[in-house]
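# Sequence and computational prediction follow.
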Amino acid sequence: MTTLPEVTFHIYPTDCDMLGHLNHATMLNFLERARWALLEPQIDVRHWAKQPVFSVVRHVDIGYLAQSRPGEDLVIRSGLLAIRRTSYIIKQEVRKMGSDAVVAEASIVFVAVDQDGQPVPVPDSWRDMLPQWPEPD
């Protein structure tokens, strides 16, 4: 079984909406930061957009399954779910630390584009750069 990298985030009151739940925009930010954590050990992220081919988000699908509140810690696992010709999908799972409770599941579709913003085939090297999401049992 593939071991996926995990990133932990602490929820502060400023991360929450007026009802005291983790704000949707904050969750998007946590998910994005967890994805960057996959790349940082392998590439110089400061120059990511200057490469001949880079990624842009095409679609985000998030399902919320439980509440998250201030003081809790969330653990996000991320992995490559699929690669198509010009796009790929990253799956992310958010759990409460120390629990099997899934807070959210997300799938983000990215498109590989050139410097002119035109879709191009996903580079073969990207397949090895991201850990594979494990197959269901």
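Yes, it's here.

# My understanding was that residue 123 contacts residue 54; is that so?
No - Residue 123 is beyond contact range of residue 54, at 10.1 Å (criterion: C-beta atoms under 8 Å). C-beta coordinates here come from the backbone N, C-alpha and C atoms, glycine included.

# For residue 107, pull up the helix or strand it's in.
Taking DSSP states H and E as the criterion, the element that holds residue 107 is strand 102-114.

# Tell me the helix or strand right after that strand.
helix 125-129.

# Could you list every helix and strand in contact with that following helix?
Contacts of helix 125-129 with other secondary structure elements, assessed using 3 or more C-beta pairs under 8 Å, 6 or more residues apart in numbering; DSSP states H and E, are made with strand 73-83.

# Name the single longest helix found in this structure.
What stands out as the longest helix in the chain, according to DSSP state H, is helix 24-39.

# could you point out which element follows that one?
On the C-terminal side of helix 24-39, the closest following helix or strand by DSSP H and E is strand 53-64.

# got the contact list for residue 75?
Contact partners of residue 75, counting by C-beta atoms under 8 Å, 6 or more residues apart in numbering, are 6-8, 94-97.

# sorry, back to before: who's more crowded, residue 123 and residue 54?
Neighbours were counted for residue 123 and for residue 54 using other C-beta atoms under 10 Å; residue 54 has more, 17 against 12.
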